[in-house]
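**Q** sequence plus predicted model, see below.
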Amino acid sequence: MRIEPEEIKNILAVRNDRFGEFLLNIPALRALKETFGNARLELVVDPYVKELAECVPFIDGVIEWGRGSHSLLEKLQLISLLRRQNIDIAVMLNPSREFNIITALAGIPLRAGYDRKWGFLLTHKIKDSKYRAEKHEIEYNLELAGLCRAKTADKSLVLNISGQLPLCGIEDTDRFIAIHPWTSDPLKQWPQENFRELAKKLTQELSVRIVIVGAHPLSGQDSSLFDNLGGNIINMLGRTTLKELALFLKKSALLVSGDSGPVHLACAVDTPVLAIFASGLPGKSSRRWGPLQKNSAVIERDNLSEISAEEVFTKVMEVLNKR
C-alpha cells in the first residue's frame, strides 16, 4: 500500500496493556496525528486506562478492550465496528495475536507492528528487540509508528489534567512530595523499610508534607508501612483513580518512586521524578524505562538494598534545588 498522508482518513492504534507502558506511546500517537493531519485517530486501551487516554489532547476516540479473554461474539462485534469505520491504518503498539487477527479480518489495508504473534498477518513489521534495552521505550514506539512514515520532533509526554484534589487534608496551595513505594515486580523493589525511613526523614528535616500514592497493596506489600509517622504523612494508597493520581502528581513538588507506572504519569503532568532502578536487569533498565522529564534523576544499582534512605534523601535535595 502506497502511503499518501493527505488521503488517510482513519487510523487505529492499539496499546491495551498497563498504564505506564501506554503513556510512553504518547509521542508515537503524536507522530501519527502530526503526519496524518486529516485523519481521525482512534485508540484501543484497557478499560482501566481509558480515563487517561481521554486526556491525551490529540486522540479523537477511545475503544475499551481489556487484556483478558474475549468471546467470539465480542470479537466479531469489534471486527464489524472497525469495518464500518473504514480504518486505513492500524498500528499494534504492543504485540498482539488477537489484534493481528482482528485487524486483518476487518480488512484494514495497512497493518503495522512487531513480527511476533502471527506477525505474518501484518503488512508492515519489524523485529522486536526491545529486550536488549538499546534505547528508550519512547524511541521503540516511534520506530513502530515510523513503519507508516509517521514522525515527530516532540518526544514529550502530555496529558490535559485539571480538577480538584480528592478530600484528604491537602489544599491546592500546600507544598508536598509524593512517594510511590512499590513496584509490580519484586526484582525492582527498593526495600520497603527504606521508603518508610525516607518519608520520616523528609518530614522531619524539610517540614514538608508527604503523600503516599499508589494502587491497593499486592501480596507482600504492607499498607500499614507509613502508619504512626505523624500528621504530615497522608496515606492515599488505593484511594485514587488514575486521573486523581495524576492530579496529585501534577500538584506535587516531586515524585520519589521505584520503576513503575507513576514515574511516567508524573512526567506526563510535568512533575520531576527521582526514580530508583535496578541496573542488573537489561530489559528493565533506566536506559529503556527511565524518566525523561526535565530535572528528573535516577539512582541505579545492581543491588537495590545498597541504596540507603540517606542517599535518596540527598538526591531529593539536589532535585528540589534545581526547581
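**A** Cool, the structure landed.
**Q** where does Gly113 fall, secondary structure wise?
**A** Here Gly113 sits within strand 110-114, counting by DSSP states H and E.
**Q** quick one: mean pLDDT for that strand?
**A** When pLDDT is averaged over strand 110-114, the result is 97.
**Q** residues making contact with it?
**A** If you take C-beta atoms under 8 Å, 6 or more residues apart in numbering as the criterion, strand 110-114 is touched by 1, 3, 88-93, 95-96, 99-100, 103-104, 119, 121-128, 144, 147-148. All C-beta spots, glycine's among them, are computed from the backbone N, C-alpha and C.
**Q** and that strand, which residues are buried?
**A** By neighbour count with 16 or more other C-beta atoms under 10 Å, strand 110-114 contains the buried residues 110-114.
**Q** closest to Glu21 out of these?
**A** Tyr114 (13.7 Å; C-beta to C-beta).
**Q** got the domain ranges for the protein?
**A** 5-148, 176-322 (automatic domain parsing).
**Q** any chance of JSON lines for the ones you listed, columns distance to Leu165?
**A** As requested, the domains of the chain are arranged in JSON lines below (distance: least, C-beta to C-beta, whole Å):
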{"stretch": "domain 5-148", "distance to Leu165": "16"}
{"stretch": "domain 176-322", "distance to Leu165": "6"}
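**Q** Ile161 is nearest to which of these?
**A** Ile161 sits nearest to domain 176-322 of all these, at 4.7 Å, using C-beta to C-beta.
**Q** ends of that closest one, what's the gap?
**A** End-to-end distance for domain 176-322, by C-alpha to C-alpha, to the nearest Å: 16 Å.
**Q** what's the mean pLDDT across that domain?
**A** The model assigns domain 176-322 a mean pLDDT of 91.
**Q** now do stretch 135-150
**A** 96.
**Q** all strands of the stretch 201-323 of the chain, in order?
**A** In the stretch 201-323 of the chain, strands defined by DSSP state E, counting those that start in this stretch lie at 209-212, 233-235, 254-258, 273-278, 297-301, listed in chain order.
**Q** hmm, who's touching stretch 234-249?
**A** Against stretch 234-249 from outside (C-beta under 8 Å, 6+ apart): 19, 48-49, 51-52, 55, 159, 161, 163-166, 168-170, 176, 178, 209-217, 223, 226-227, 255, 262, 265-266, 268-269, 271.
**Q** report the buried residues of it.
**A** Within stretch 234-249, judged by 16+ other C-beta under 10 Å, the buried ones are 234-237, 239-240, 242-249.
**Q** and the two most separated of those?
**A** Based on C-beta to C-beta, the longest span within the buried residues of stretch 234-249 runs between Asn235 and Lys243 and measures 19.4 Å.
**Q** you'd agree Arg196 is in a strand?
**A** No - assigned with DSSP: H, G, I helix; E, B strand; the rest coil, Arg196 falls outside any strand and is helix.
**Q** re the thing from before, mean confidence for the helix or strand following the strand holding Gly113?
**A** Using DSSP H and E, the helix or strand that directly follows strand 110-114 along the chain is strand 124-126. Averaged over strand 124-126, pLDDT sits at 97.
**Q** so which elements touch strand 124-126?
**A** Where contact means 3 or more C-beta pairs under 8 Å, 6 or more residues apart in numbering; DSSP states H and E, strand 124-126 is packed against strand 110-114.
**Q** check the offset of the strand it packs on from the chain's centre.
**A** In terms of C-alpha atoms, centre = their mean, to the nearest Å, the centre of strand 110-114 is found 22 Å from the chain centre.
**Q** narrow the buried residues of stretch 234-249 to those in helices?
**A** 242-249 (DSSP state H).
**Q** show me where this structure has helices.
**A** 19-23, 26-35, 50-53, 72-84, 97-105, 137-145, 192-206, 242-251, 261-268, 286-289, 309-322.
**Q** isn't Lys315 up against Ala297?
**A** Yes - shown here, Lys315 and Ala297 form a contact pair, counting by C-beta atoms under 8 Å, at 5.8 Å.
**Q** overlap in contacts, these two.
**A** Leu274.
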